[in-house]
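>>> only the shape, not the letters, is given here:
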C-alpha cells in the first residue's frame, strides 16, 4: 500500500496560521467595549455599520501587525528553538506571500478608516507606526513590551473616535486604552521569560533578559496592578454598574492566577497563563460590560 502524503495547507490557511488570527480575542473585545460606551453616551441611535467597520479595521490592523512582526523577526525566529518552526522560517509561507497579505491588510485598514470618518482616515497612519516599531524595539530597548502596550492602546481609542468622530469627551477611551495596553504588555513580559537564555545568547532585548526572570515577574505584577486600577477608573468614569464589577472581580482572579502559576523556578505554565487566562479576561470583561449596558 502506498502511503498518502499529508495534505499541505493552502496559502490563505498558512497565512492565517502565520498571523494567529484567533489572538484577536485579546484586544478586539475592548475596541467593542469602547465603541459601545461611546454609542451609549452619544445617544444618537444604532451604529451597526460603524461596528462592522471597527471590526474590519481591528482585524486588518492586527493582521498587518502580526505579518510585519513575523517578516521582520524571521531571522531571529530561526535562532530560537521555540519559534524555528514558524511558517516563514520553514518556508510554509513565502516572504512574498507574507508581504502581500500585510499590504492587503494595510489597505483594508485605511479603507475602513476612510469609510468611518475623516478623523479616523487622517489618524490611521499614526496607528500603524507603533505596530511597525514593535518588532524593532527588541533590538534597542529592554522594554519592548511597553511598545507593544502602546500599539494595543490604540484599539479602544480608535474605536471611540470611529463612533464619535471627535476627540471631545474621549477621556474614558484613553484610560481604557492605557489599561488594555498595560494588561497586554504585562503578560508579554511573562511570555518573554521562557526565552531568557536564547535572547541573551542571540542579543535580543527584553525585560527578563536584562533583569532576570524574578525581577521581570515583579515588574509584570506592578504593570498589571496599574492596569487593573485603570480598569476600575474607566468603569467609574463611564458609570458602569454592578455587572462590570463582577467582571472586574473575575479579571482580578485571572490576573492573580497567572502570577501564581508562573514562578521563577517553574515556567511550564506560561502558555496557560498567556492564552487561557488572558483570553478569559478579555471575554469576561466585555461580556459583563455589555450586559451592564444592555440592562441599564
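Everything's here; your move. Fair warning: this is a prediction, and the values are worked out from it, not measured in the lab. Residues are numbered from 1 along each chain as shown.

>>> hey, let's count contacts and neighbours off CA atoms from now on
Noted.

>>> same question for the helix or strand harbouring residue 127, mean pLDDT?
Residue 127 belongs to helix 118-137 when assigned by DSSP states H and E. For helix 118-137, mean pLDDT rounds to 92.

>>> all helices of the stretch 1-150 of the chain, in order?
Taking DSSP state H, counting those that start in this stretch to define them, one finds helices in the stretch 1-150 of the chain at 11-19, 28-42, 48-72, 74-79, 87-90, 95-116, 118-137, 144-164.

>>> could the ones you listed go into CSV alongside distance to residue 235?
Listed next are those as CSV, based on distance: least, C-alpha to C-alpha, whole Å:
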stretch, distance to residue 235
helix 11-19, 32
helix 28-42, 10
helix 48-72, 21
helix 74-79, 40
helix 87-90, 41
helix 95-116, 26
helix 118-137, 25
helix 144-164, 14
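
>>> out of those helices, nearest to residue 284?
Across the helices of the stretch 1-150 of the chain, residue 284 has its closest neighbour in helix 28-42 (9.3 Å, C-alpha to C-alpha).

>>> and the contacts of that closest one?
Helix 28-42 is contacted by residues 45-47, 51, 54-55, 58-59, 155-160, 162-164, 173, 176, 180, 238, 282-283, 286, 289-290, 293 when judged by C-alpha atoms under 8 Å, 6 or more residues apart in numbering.

>>> now it and helix 144-164, what's the angle there?
Here the directions of helix 28-42 and helix 144-164 differ by 40 degrees (axes from the mean of the first three to the mean of the last three C-alpha atoms, to 10 degrees).

>>> burial count for residue 145?
By other C-alpha atoms under 10 Å, the residues close to residue 145 number 26.

>>> next, the contact list for it, please.
Contact partners of residue 145, counting by C-alpha under 8 Å, 6+ apart, are 185-186, 188-189, 206-207.

>>> are any of those residues buried, and which?
185-186, 188-189, 206-207 (16 or more other C-alpha atoms under 10 Å).

>>> listing request: residues of the stretch 1-150 of the chain with sub-threshold pLDDT.
Scanning the stretch 1-150 of the chain for pLDDT under 70 picks out 1-11, 19-25, 44-46.

>>> isn't residue 267 right up against residue 196?
No: the criterion here is C-alpha atoms under 8 Å, and residue 267 misses it with residue 196 at 11.1 Å.

>>> tell me which of the two has more neighbours.
Neighbours were counted for residue 267 and for residue 196 using other C-alpha under 10 Å; residue 196 has more, 19 against 16.

>>> skip the chain neighbours and tell me the closest residue to that one.
Closest residue to residue 196 apart from its sequence neighbours, by C-alpha to C-alpha, 6 or more residues apart in numbering: residue 209 at 4.8 Å.
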